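>>> Generate a structure from the sequence data that follows.
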Amino acid sequence: MGGGVTKPRQEEQGLRKQASQRQLPPPKKKQKSPKALLIEAVSLGKEKEASALLEAQPELINESLDADGMRPLQIAARAGHFEVTKTLLAKGTRVTTSR
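Residues are numbered from 1 along each chain as shown. Sure thing, here's the model as predicted:
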């Protein structure tokens, strides 16, 4: 017998080559939670996005959002986002002081 490649072996190699040339679909993006989206919006000064999120889930306005227990108003104010801060105050965020 000759040292050539058998027909089944050729088919297997052909299938492997086809499979390796196929493009895989892009990985699915993991959806962020409403809390994560609100943290992003208030910390980056995205007033419209923050407002829309709070329209959909008003209970988030006074929730601690990050690991330090900061609420949306604290995050926005610390980042210097005046418009977001005004929006949060207009929507009824709770204002407290600690001293």
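
>>> what residue ranges in this protein score low on pLDDT?
Counting by pLDDT under 70, the chain shows low-confidence ranges at 1-5, 15, 17-27, 98-99.

>>> Mind telling me which residue is nearest the centre of it?
For the chain, the residue sitting closest to the mean C-alpha position, by Cα atoms, centre = their mean, is K32 at 3.6 Å.

>>> what about the residue lying closest to that one once chain neighbours are set aside, how many residues close to it?
Spatial nearest neighbour of K32, excluding adjacent residues (Cβ to Cβ, 6 or more residues apart in numbering): E40 at 7.5 Å. C-beta: built from backbone N, CA, C; applies to glycine. Neighbourhood size, E40 [other Cβ atoms under 10 Å]: 15.

>>> T87 too?
T87: 20 neighbours (other Cβ under 10 Å).

>>> Now it: which helix or strand?
Using DSSP states H and E, the element containing T87 is helix 82-90.

>>> Packing partners of that helix?
Packing partners of helix 82-90 (3 or more Cβ pairs under 8 Å, 6 or more residues apart in numbering; DSSP states H and E): helix 34-44, helix 47-56, helix 72-79.
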